[in-house]
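# Here is a sequence together with a model predicted from it:
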Amino acid sequence: MVYSNISVDRADSIARLTLTRPEALNALDKATGEELLDALESLRTDASVRVVVLTGAGRAFSAGGDIKEMGQAGELPESFFEELLATLNRVVVALTEMPKPVIAAVNGIAAGLGFNLALACDIRIAARGAEFTQAFLRIGLIPDGGGTYHLPRIVGWARAMELILTARTVSSEEALRLGLVTTVVDETDFDETVDVMARQLAAAPTSAIGRVKQLLAHSLTADLKSQLRLEREMQMESGRSNDFTEGIAAFLEKRSPRFTGS
């Protein structure tokens, strides 16, 4: 697929996936969703890629759904939301089920669906000027893109309700306090900070990280016994991996491990 609304740059085991509609604040329409889905499916099976970084071009991460497109459509047919969300929901699932770490590099405003796209990533790093808002109620809509799933699990039920019902804007500093992001840095240090984290994760045992993601997702609805069973199964898989063999050898030889992700 030829991409018009995103770009994918691969280097040093890191894939940088960038929304490239800066004139529309990287708003998400069906075409952009289809490109994101195609790129994520390709990155999932690309053995040379061990980390994915999702970010936006220009001054926004993503302003969410394309409101101009909605307005130009006049009275929207029911199929508009059905088709748009069928695609973008698959993007959210592709992010959460990616067997590799995904970093959201939130360089600016993350609103509505853009906010929820960031929540679907594993680690969120924000530039100091970034802002977050669950803006849906401002136009009479409800959160989509997994917002009602991820947000309460990250900040708690009461705070999630408040953020959704008020649709207020959250600064990067407050987002850090709420646990919405893990790191906030000045714009001048933003790219370097994201790169350092990406390189750190690219050097990690990728297959083990994939299992960690599955375990944490399972834990949200599991009881203790079923979680312990899954941990046991996945630990056995990890114990058969090349990375485990390398990790033990590096420990005994008192050197840094050279993981291959296998």
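Great, that's in hand.
# Give me the distance from stretch 95-106 to the chain's centre.
Centre-to-centre, stretch 95-106 and its host chain are 4 Å apart (Cα atoms, centre = their mean, to the nearest Å).
# Mind listing what's buried along it?
Under the neighbour-count criterion of 16 or more other Cβ atoms under 10 Å, stretch 95-106 has 95-96, 98, 100-106 buried. For the C-beta atoms, the positions are set from N, CA and C on the backbone; glycine is no exception.
# Return the subset of those residues lying in strands.
Secondary structure from DSSP state E places 102-106 of these in strands.
# Switch these over to TSV; also include pLDDT and distance to R255.
Compiled in TSV, those are given as follows (pLDDT from 0 to 100; distance: Cβ to Cβ, whole Å):
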residue	pLDDT	distance to R255
V102	98	29
I103	98	27
A104	98	33
A105	98	31
V106	98	36
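# ok, which stretches of the chain are helices?
Using DSSP state H, the helices of the chain run over 30-45, 67-72, 78-96, 113-119, 147-155, 157-166, 172-178, 187-202, 206-219, 224-239, 242-252.
# Let me know which of those helices is the nearest to A130.
The closest of the helices of the chain to A130 is helix 172-178. By Cβ to Cβ, the value is 4.6 Å.
# Now do the closest one: everything it contacts.
With contacts defined as Cβ atoms under 8 Å, 6 or more residues apart in numbering, helix 172-178 is touched by 106, 126-132, 154-155, 159, 170, 181-184.
# Can you add distance to V2 and give the buried residues of stretch 95-106 back as JSON lines?
Shown next, in JSON lines, are the buried residues of stretch 95-106 (distance: Cβ to Cβ, whole Å):
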{"residue": "L95", "distance to V2": "22"}
{"residue": "T96", "distance to V2": "27"}
{"residue": "M98", "distance to V2": "23"}
{"residue": "K100", "distance to V2": "24"}
{"residue": "P101", "distance to V2": "27"}
{"residue": "V102", "distance to V2": "23"}
{"residue": "I103", "distance to V2": "26"}
{"residue": "A104", "distance to V2": "25"}
{"residue": "A105", "distance to V2": "24"}
{"residue": "V106", "distance to V2": "27"}
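# if I pick S79, what's in contact with it?
Contacts for S79 (Cβ under 8 Å, 6+ apart) come out as none.
# That one and A86, how far apart?
Using Cβ to Cβ, to the nearest Å, S79 is found at 10 Å from A86.
# what sits in contact with each of those two?
Residues touching both S79 and A86 (Cβ under 8 Å, 6+ apart): there are none.
# picking up where we left off before, turn the buried ones among the contacts of helix 172-178 into a named PyMOL selection, would you?
Buried members of the contacts of helix 172-178, defined by 16+ other Cβ under 10 Å, are picked up in PyMOL with:
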select buried, resi 106+126+127+130+131+132+155+170+181+184
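# Which of the contacts of helix 172-178 fall within strands?
Among the contacts of helix 172-178, the members falling in strands (DSSP E) are 106, 126-127, 131-132, 170, 183-184.
# Make TSV out of these and add distance to Y149.
Listed next are the ones in strands among the contacts of helix 172-178 as TSV, based on distance: Cβ to Cβ, whole Å:
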residue	distance to Y149
V106	19
A126	21
A127	26
E131	22
F132	17
V170	19
T183	23
V184	24
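# any idea which of the residues you listed is the one closest to E253?
Once Cβ to Cβ is applied, the member of these that ends up nearest E253 is T183, at 32.5 Å.
# My guess is that closest one contacts T193. True?
Yes - with contact defined as Cβ atoms under 8 Å, T183 reaches T193; the gap is 6.5 Å.
# what touches both of the two?
Residues touching both T183 and T193 by Cβ under 8 Å, 6+ apart: I125.
# where does the chain have its least confident helix or strand?
Lowest by mean pLDDT, DSSP states H and E among the helices and strands of the chain is helix 67-72, with a mean of 64.
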